[in-house]
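Enquirer: sequence below, structure please.
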Amino acid sequence: MTQESESSLARLLEIFDVVPDASGPGQFTGESDGGARSVVDGSQLLAQSIVAASKALPGRTVRSAHSLFVAATRPAEPITFAVVPVRAGRSFASAVVTASQGDRTCVTTTVLLDYPQPDIIRHDHPAGRAEADPDGSPAVSMPLLGRELRIAGVRDYGDPAEVGEPVLDAWLRYTPPPTRDELRRALLAHFTGHLSIATTFRGHAGIGTSQAHDTVSTAPMGIAISFHEPIDWDGWIRYHHESTYAGAGMSYVRGQVLTADGRILASFSQDAMIRGFDGDGPQTAIPTESRF
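Expert: Sure thing, here's the model as predicted:
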């Protein structure tokens with residue numbers, strides 16, 4: 001497979017689309033692409049867990065997923081996903097998805113599913129407007145064939161000199177977005193792991209994600225996402241990130257995924273580690289950002 005085909009939206013969706021394993025019901029196998037790195041992006045595993053739960057409980061819709069990244073995952077080895085239903089009632093169902101390599105647990109994800117119902121009431125409260133629209137935002141180099149990325153008001157999100165409010169608005173356009181519902185949800189979940197730590201660093205002079213794993217040790221430790229119906233869009237979508245806390249070696253970021261006209265598709269949060277080095281190396285090898 002060529003490097004171009006690996007670094008494409010089609011390849012990314014292929015990775016998300018875990019396949020049933022012959023070992024039994026609720027068992028799935030997935031792969032990854034770490035590029036030159038020796039670890040797998042945590043939000044890729046969140047995306048794969050969403051697809052695994054959707055396949056194990058067919059007909060239901062994933063409404064939320066909460067992942068804890070308990071150990072680094074190696075890209076050269078297959079990943080197994082075990083879906084264990086906690087309860088599957090007439091409306092709601094919940095399951096725990098465990099991603100493992102061999103006998104080593106890497107990620108646990110709790111997933112809530114249901115059959116969406118007609119509105120009794122409806123409202124949303126979208127984030128404020130971005131500093132700039134997609135046309136007025138600088139393009140960002142995070143190569144993935146089939147995806148455009150721009151960040152409002154920021155030219156280099158990893159630069160320690162980029163200082164401002166700990167808020168980032170990222171505009172993304174996927175061509176074409178997936179048609180299957182569970183893959184759309186997986187794709188929205190995937191980018192939640194990419195810019196949250198950079199958002200936290202933006203509020204502090206002299207530190208940026210370009211220093212990650214060099215002078216500072218960083219890693220996402222948990223991501224939660226809730227999906228808001230309907231999960232469809234056309235054109236640009238915006239990831240609004242807001243870092244509301246950093247301290248005691250951790251950071252917290254909350255955010256929304258919105259359509260260009262301001263409709264909320266999903267809400268998310270991330271807990272991350274930001275620490276100094278311990279002895280001869282970083283305290284963890286889980287990556288800050290994805291190859292994709």
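Enquirer: count of neighbours near residue 128?
Expert: Residues near residue 128, counting by other C-beta atoms under 10 Å, number 10. Every residue, glycine included, has its C-beta placed from N, CA and C.
Enquirer: what confidence value was assigned to it?
Expert: Per-residue pLDDT puts residue 128 at 91.
Enquirer: can you check the one 4 residues further on too?
Expert: Each residue has a pLDDT score; the one for residue 132 is 94.
Enquirer: how many other residues sit next to the residue lying closest to it once chain neighbours are set aside?
Expert: Spatial nearest neighbour of residue 132, excluding adjacent residues (C-beta to C-beta, 6 or more residues apart in numbering): residue 152 at 4.3 Å. If you count neighbours by other C-beta under 10 Å, residue 152 ends up with 20.
Enquirer: and the one 10 residues further on, by the same measure?
Expert: Using other C-beta under 10 Å as the criterion, residue 162 is surrounded by 20 other residues.
Enquirer: also residue 186?
Expert: Count around residue 186 with other C-beta under 10 Å applied: 29.
Enquirer: I'd say it and residue 48 touch.
Expert: Yes - applying C-beta atoms under 8 Å, one finds residue 186 in contact with residue 48, separated by 7.2 Å.
Enquirer: circling back: might you report the residue contacts of the residue nearest to residue 132?
Expert: Applying C-beta atoms under 8 Å, 6 or more residues apart in numbering to residue 152 gives the contacts 130, 131, 132, 133, 136, 137, 168, 169, 170, 171.
Enquirer: would you list the phi and psi of residue 191?
Expert: phi -80, psi -10 (degrees, to the nearest 10).
Enquirer: and for the one 4 residues further on?
Expert: Residue 195 adopts backbone torsions of phi -120, psi 10, taken as degrees, to the nearest 10.
Enquirer: so how many other residues sit close to it?
Expert: Neighbours of residue 195 (other C-beta under 10 Å): 28.
Enquirer: what does residue 44 give?
Expert: 28.
Enquirer: from residue 16, how far out is it?
Expert: For residue 44, the distance to residue 16 equals 8 Å [C-beta to C-beta, to the nearest Å].
Enquirer: which residues do these two both contact?
Expert: Residues touching both residue 44 and residue 16 by C-beta under 8 Å, 6+ apart: residue 190.
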